[in-house]
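Student: coords please:
(one chain, ligands or ions: 1)
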Amino acid sequence: MNIKQKEAKYYMKVFKRCDLIVKKAKGQFVWDDKGKKYLDFFTGISVCNLGHLNDAVVKAAKKQLDSYAHVSNLYYAPVQVEAAEALSKKLDKATGKTFLANSGAEANECAIKIARKFGHTTGGRYEIIAFNNSFHGRTVMTLAATGQEKCHEFLHPLPEKFVFAEFNNIKSVKKLINKKTVAVIVEPVQGEGGVFTADKKFLKELRSLCDQKNLLLIFDEVQSGMGRTGKFFAFEHYGVKPDVVTLAKSIANGLPLGAAIACGKAAEVFTYGDHGSTFGGNPVCCAAALAVLKQMTPALLKKSLQTSKYLREKLGVLKEKYPLIKEIRGTGLLVGIDLSAPGGDIVNYCLKKGLIINCTHDTVLRLLPPLTITKKDVDSAIKILEDAFKWAALKK
Ligand SMILES: *Cc1c(COP(=O)(O)O)cnc(C)c1O
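Tutor: Got it, this is the predicted structure:
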């Protein structure tokens, strides 16, 4: 049996994998089993934002492995506490507090549990407002918070009291608020849902609405955080701050780690026993995260914004030439190319030509290159993308 046949036989049928058997990866490049080199404009869904096998991250993780891999959260692992300090201070220097989990879904579970406990201790509230087209994870609770019907199929009955408003429509949020409402959860840039950026006015109004009604505002920055949009948190583009923010994907540049970071009253909701995780905040992952955070400098973020501008200019030129492209969306290096037809063929074409990209929501090509890419990498990617659009136009 070859590896694809084995996968089909032994791995549960959940991932429709692309035709790429990965041999190794370094920086912005991936090599397959035949030695072919690919430019990676997807970084494993924005997980390796500093590029594959970032030297300092690898070194820090290996160093931690020389001491221990795991000790249990019943004891102190200094590197975990250091990571929590660094993350907490990113949200709020004075009151920030962090819980470390293993994934984005788990980080959001934690945020939702904070909201539920906050509600039950402030007048018996429990209803949480989420948004259409959102994505918050694959656990049952986070799926209940996810505003995409297709994710709910076969799972009913789901955990209750999640209601859905329309993204960028504050009136639709106001309509849903009642005495039982306790929190709002939103991605500042919707990722899986098709790459939609929140309007500035919308997030500001959401913040003041939450303040008025004593609701917790939760930002899911699992995809938009960690410098992806050119700021450490996407919300920094807006001048608003959430009560709880969640991170995962790129926190440890390829090792599994998630974080729920709270501030103010939200940081003091939990007490001993309210939450936990055996693996959460694994020391090796935390050592990697510290090395990542050290590299998230203003200079790197600024450079990524310049690269994003350059990439978007080039994409704008393609848009004028190829009617298949309807719209270029997103912020920073979280880029969505909305097409007038399904994008799966384009993804496969690019892969054959040595460029890794993704398609989400059927028609939206999604680019999530490492923040460290150069203009030369952008030129290479644009060339392949243009070939793909040409090919698609001829095919029609
Ligand atoms: C990927 C993602 C999640 C889920 O993260 P996992 O690590 O897969 O559990 C949650 N929210 C957003 C916005 C995401 O992009």
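
Student: only C-alpha atoms for contact and neighbour calcs from this point on.
Tutor: Fine.

Student: Contact partners for the residue of the stretch 151-300 of the chain found nearest the ligand?
Tutor: With C-alpha to the nearest ligand atom as the measure, residue 223 is the residue of the stretch 151-300 of the chain nearest to the ligand, at 4.2 Å. If a contact means C-alpha atoms under 8 Å, 6 or more residues apart in numbering, then residue 223 has 45-46, 191, 247-250 as its contacts.

Student: So it lies in a strand, does it not?
Tutor: No: using DSSP: H, G, I helix; E, B strand; the rest coil, the secondary structure at residue 223 is coil, not a strand.

Student: Give me the distance between it and residue 128.
Tutor: 21 Å (C-alpha to C-alpha, to the nearest Å).

Student: these two touch, right, residue 87 and residue 261?
Tutor: Yes: with contact defined as C-alpha atoms under 8 Å, residue 87 reaches residue 261; the gap is 7.2 Å.

Student: Could you name every residue contacting both of these two?
Tutor: With C-alpha under 8 Å, 6+ apart as the test, residue 87 and residue 261 both reach residue 98.

Student: Comparing those two, which shows the higher neighbour count?
Tutor: Between residue 87 and residue 261, counted using other C-alpha atoms under 10 Å, the more crowded position is residue 261 (30 against 26).

Student: Does the more buried one belong to a helix, a strand or coil?
Tutor: Per three-state DSSP, residue 261 ends up strand.

Student: wait, it sits on residue 248?
Tutor: No: taking C-alpha under 8 Å as the definition, residue 261 is not a contact partner of residue 248, at 11.1 Å.

Student: residues from the stretch 101-250 of the chain in reach of the ligand?
Tutor: Residues of the stretch 101-250 of the chain lying near the ligand by C-alpha under 6 Å from any ligand atom: 103-105, 135-137, 187, 191, 220-223, 249.

Student: taking the residues you listed one by one, which sit in helices?
Tutor: 104-105 (DSSP state H).

Student: any chance of the residues of the stretch 101-250 of the chain next to the ligand in a markdown table, plus pLDDT?
Tutor: Formatted as a markdown table, those follow (pLDDT from 0 to 100):
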| residue | pLDDT |
| --- | --- |
| 103 | 98 |
| 104 | 98 |
| 105 | 98 |
| 135 | 98 |
| 136 | 98 |
| 137 | 98 |
| 187 | 98 |
| 191 | 96 |
| 220 | 98 |
| 221 | 98 |
| 222 | 98 |
| 223 | 98 |
| 249 | 98 |
